[in-house]
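J.: I would like to see how this sequence folds:
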Amino acid sequence: MITTRNLVHRFGDATALDGVSLSIPDGQFVVLAGPNGSGKTTLVRHFNGLLTPDGGDVAVDGTPVEDDLVAARTSVGMVFQHPRDTFVSATVGADVAFGPENLGLSHEEIDRRVETALSAVGMADRRNARIDALSGGECQRVAIAGALAMEPAHLVLDEPFTGLDAPSRDSVVTHLERCSAEGTGFVVVTHDLRDVWSLADRIVALRDGTVAIDGTPNEVASEVAELGIQLP
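T.: Here you go, the predicted model:
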C-alpha cells in the first residue's frame, strides 16, 4: 500500500503539492488525472523517493519512504514518459535483466523474471532484439517489462501513451489489462482518460496541487468533465 499524508512539495516559491492525502491499496488500478501543471508527476515521484517532501509524509507498506529507499523502489516501479532515455543496455533482454541483476539474484531467477516480464507484454520473442530498432510502442512495452521484472506491488506509468500511434496505444492498453488481471497495481498518470477509463478502479484528479476528485469512474464522470479532462 502507498500512503501520503498532508504531502507538500515546493519548487522555490511555487507550491506543487498542497496537503495531498491518499491511500492506494495493492492491486488497485488508479488513474491519476489532471491538467498540465496540476502536480501529477510531482506526486508520483514521491512514491519511491525520487523527490523528498517539504511537508507531510509518504509511506510504502507502512514504512516511510526515506527510511528504506530500496524497499520503496522495489515495491513501486516507475516507467517514465520517454522510455528511450532510461534504457541502459543494447538489447531487450539485457535491459529487462538489469534491475534484477542489481538485486543480486541468481542467474536462474533473473532468467525467470525476464521471461515472465517479456511474456506479460507480448515481447518474449524479441529478447535478442536491439533497443535502437524498436518502435515507440515496443519501447514502452520493454520499459514496462523492465519494471515488472522487479516484481513490484505497484507500477507507476507517467503519460505512457505520449507519441504512440493508435495500434501501439491499443497494444500497451491490452498488456496493462493483462498485468492488472494478474494482480499488479497500477498508477497511470495522464491528462487524457480515453485509453484507461475502462481499466480504472479509481480516478484521482488533481487541481492546483490538491485532490479535486477521488472515486470510481461512474461516480466522478461528470466532475472530471468539468475539469476539462478528456473522457472516452
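J.: any idea how far Val79 is from the residue nearest the centre of the chain?
T.: Taking CA atoms, centre = their mean, the centroid of the chain lies closest to Val156, which sits 1.2 Å from it. According to CB to CB, to the nearest Å, Val156 and Val79 sit 7 Å apart. (Glycine included, C-beta is placed from N, CA and C.)
J.: ditto for Leu148
T.: Counting by CB to CB - Leu148 and Val79 are separated by 9 Å.
J.: Between the two, which contacts overlap?
T.: Leu155 (CB atoms under 8 Å, 6 or more residues apart in numbering).
J.: So which of the two has more stuff around it?
T.: Neighbour count, other CB atoms under 10 Å: between Leu148 and Val79, Leu148 has more, with 26 against 23.
J.: wait, isn't Leu206 in contact with Ser38?
T.: Yes - counting by CB atoms under 8 Å, Ser38 is a contact partner of Leu206 at 4.1 Å.
J.: Looking at these two, which one has more neighbours?
T.: Shown here are Leu206 and Ser38; by other CB under 10 Å, Leu206 has more neighbours (26 against 23).
J.: And the more buried one, which helix or strand is it part of?
T.: strand 202-207 (DSSP states H and E).
J.: What's the first helix or strand after that strand?
T.: strand 210-215.
J.: what's near enough to touch the closest residue to Leu32 other than its chain neighbours?
T.: Distances taken as CB to CB, 6 or more residues apart in numbering place Val189 nearest to Leu32, at 4.8 Å, with adjacent residues excluded. Val189 is in contact with 32, 40-41, 44, 156-159, counting by CB under 8 Å, 6+ apart.
J.: Likewise for Gly19?
T.: 6-8, 55-56, 210.
J.: What's the per-residue pLDDT of it here?
T.: The score at Gly19 is 96. That number is its pLDDT.
J.: can you give me the helices for this protein?
T.: With DSSP state H, the ranges of helices along the chain come out as 40-44, 69-75, 92-102, 107-120, 136-148, 166-181, 217-226.
J.: Out of the ones you listed, which is the most enclosed?
T.: helix 136-148 (a mean of 25; mean count of other CB atoms under 10 Å).
J.: Which strands or helices does it pack on?
T.: Packing partners of helix 136-148 (3 or more CB pairs under 8 Å, 6 or more residues apart in numbering; DSSP states H and E): strand 76-79, helix 92-102, helix 107-120, strand 154-158, helix 166-181.
J.: Between these, which one is closest to Ser222.
T.: Among the helices and strands packed on helix 136-148, the nearest to Ser222 by CB to CB is helix 166-181 (24.1 Å).
J.: So what's the gap between the closest one and the chain middle?
T.: 14 Å (CA atoms, centre = their mean, to the nearest Å).
J.: which stretches of this structure have low pLDDT?
T.: 228, 230-232 (pLDDT under 70).
J.: Contacts only, for the closest residue to Asp57 other than its chain neighbours.
T.: Spatial nearest neighbour of Asp57, excluding adjacent residues (CB to CB, 6+ apart): Arg5 at 5.4 Å. By CB under 8 Å, 6+ apart, the contact list for Arg5 reads 21, 56-59.
J.: among those residues, who's most crowded?
T.: Neighbour counts for the contacts of Arg5 (other CB under 10 Å) peak at Val58, which has 23 neighbours.
J.: if we can go back for a sec, mind giving me the ChimeraX command for buried ones among the contacts of Gly19?
T.: With 16 or more other CB atoms under 10 Å as the burial test, the buried ones among the contacts of Gly19 are selected in ChimeraX as follows:
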select :7,56
